[in-house]
Each structure stands twice: as C-alpha cells, then as structure tokens.
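Enquirer: Sequence first, predicted coordinates after that:
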Amino acid sequence: MTSMTTTGKATTVEQGVKLIRHIHATAIDLPEFMDRIEVLTTDPRLTREILETAKSRGIIDVNSDNTVVFQRAMRDPRLNSITHKEGEYTCKRCGSSLVNGYFIGEQNEIGPFGPECVRKLTDVTLKQPAEG
C-alpha cells in the first residue's frame, strides 16, 4: 500500500478546511463533525490534521464537551457557493446515482453530492433546479 503524497495530503487538508467554512451550523457535536469530514478522508491522522488546521486558523473551536463551534466571522462569503451541474454523477457521500450534482466551492470544488447530502454536510437547504 502506498502512502499519500505530501501534495495530496495538503490538498485534502485544504478541501477539508473549505468544507468546514461552508458549514452553516452554529455548533455540532464532534462525531457529527467527523462524519462530515469523512466525505474527504477516513484516515484518522488526516482527519485530525483537518480539525487542527481549522482550529489554528480560528475557523472552529472545540469545547470541553466535544462540541465544535463555528466562528461566523471566519466564513468567507465567496466560499458559500454551491453550484449545480446536470449530468450523470455518483454522490460522493452516499453513493446514489444523480442526474443533478451539487458541488461545494469554486476552485477545487468538492462533490458531486445529491441535494440531501449537501444539506447534511453544509446545513443549507437548496432550491431544486427548474425542470425544463
């Protein structure tokens, strides 16, 4: 088994931080937080690095009761974009087949996800695309 390259690891950490900056909740418990990060990696060391990077940048705090608190001031409005694309996709979170994929972010977007999974990840309810 080969190890992840430094570049691949750094990219995953940055995608994790991007995902965290898209979460619209005020606070969630640590297991739920980790469930969201597992969309990107199930490696415990990499998950911990994503958590620690977000903490060091002031994006989140972890309370003594293992509640992850999101710092509203650290949300960049430009990072709140969730885009819709038509096509044949498989949801990155649940594995469902999709004809409408949702992607988080602008550059190095994360996805595709179905509307329910993107809501579970970001706490944002999406308007369904108009049928045409």
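Expert: Ah, there it is.
Enquirer: Give me the neighbour count for His84.
Expert: A count of nearby residues for His84, using other C-beta atoms under 10 Å, gives 15. C-betas here are computed from N, CA, C, even on glycine.
Enquirer: so who does it touch?
Expert: Asn100, Gly101, Tyr102, Phe103, Leu126, Pro129 (C-beta atoms under 8 Å, 6 or more residues apart in numbering).
Enquirer: sec struct for the first one, please.
Expert: So that's Asn100. Secondary structure, DSSP: H, G, I helix; E, B strand; the rest coil: Asn100 is strand.
Enquirer: Count residues in the vicinity of it, would you?
Expert: What Asn100 shows, counting by other C-beta under 10 Å, is a neighbour count of 15.
Enquirer: Go ahead and flag the most central residue of the chain.
Expert: Centroid-nearest residue in the chain, with C-alpha atoms, centre = their mean: Leu19, separated by 2.9 Å.
Enquirer: Could you double-check that that residue lies in contact with Lys120?
Expert: No: with contact defined as C-beta atoms under 8 Å, Leu19 does not count as touching Lys120 (12.0 Å).
Enquirer: Are there residues contacting both of these two? Which ones?
Expert: Shared contacts of Leu19 and Lys120, defined by C-beta under 8 Å, 6+ apart, comprise Arg36.
Enquirer: picking up where we left off before, buried among the contacts of His84? Make that a ChimeraX selection.
Expert: Per 16 or more other C-beta atoms under 10 Å, the buried members of those correspond to this ChimeraX selection:
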select :101,102,103,126
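Enquirer: Next, format the contacts of His84 as JSON lines and append distance to Ile37.
Expert: Output for the contacts of His84, formatted as JSON lines (distance: C-beta to C-beta, whole Å):
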{"residue": "Asn100", "distance to Ile37": "24"}
{"residue": "Gly101", "distance to Ile37": "20"}
{"residue": "Tyr102", "distance to Ile37": "18"}
{"residue": "Phe103", "distance to Ile37": "17"}
{"residue": "Leu126", "distance to Ile37": "21"}
{"residue": "Pro129", "distance to Ile37": "28"}
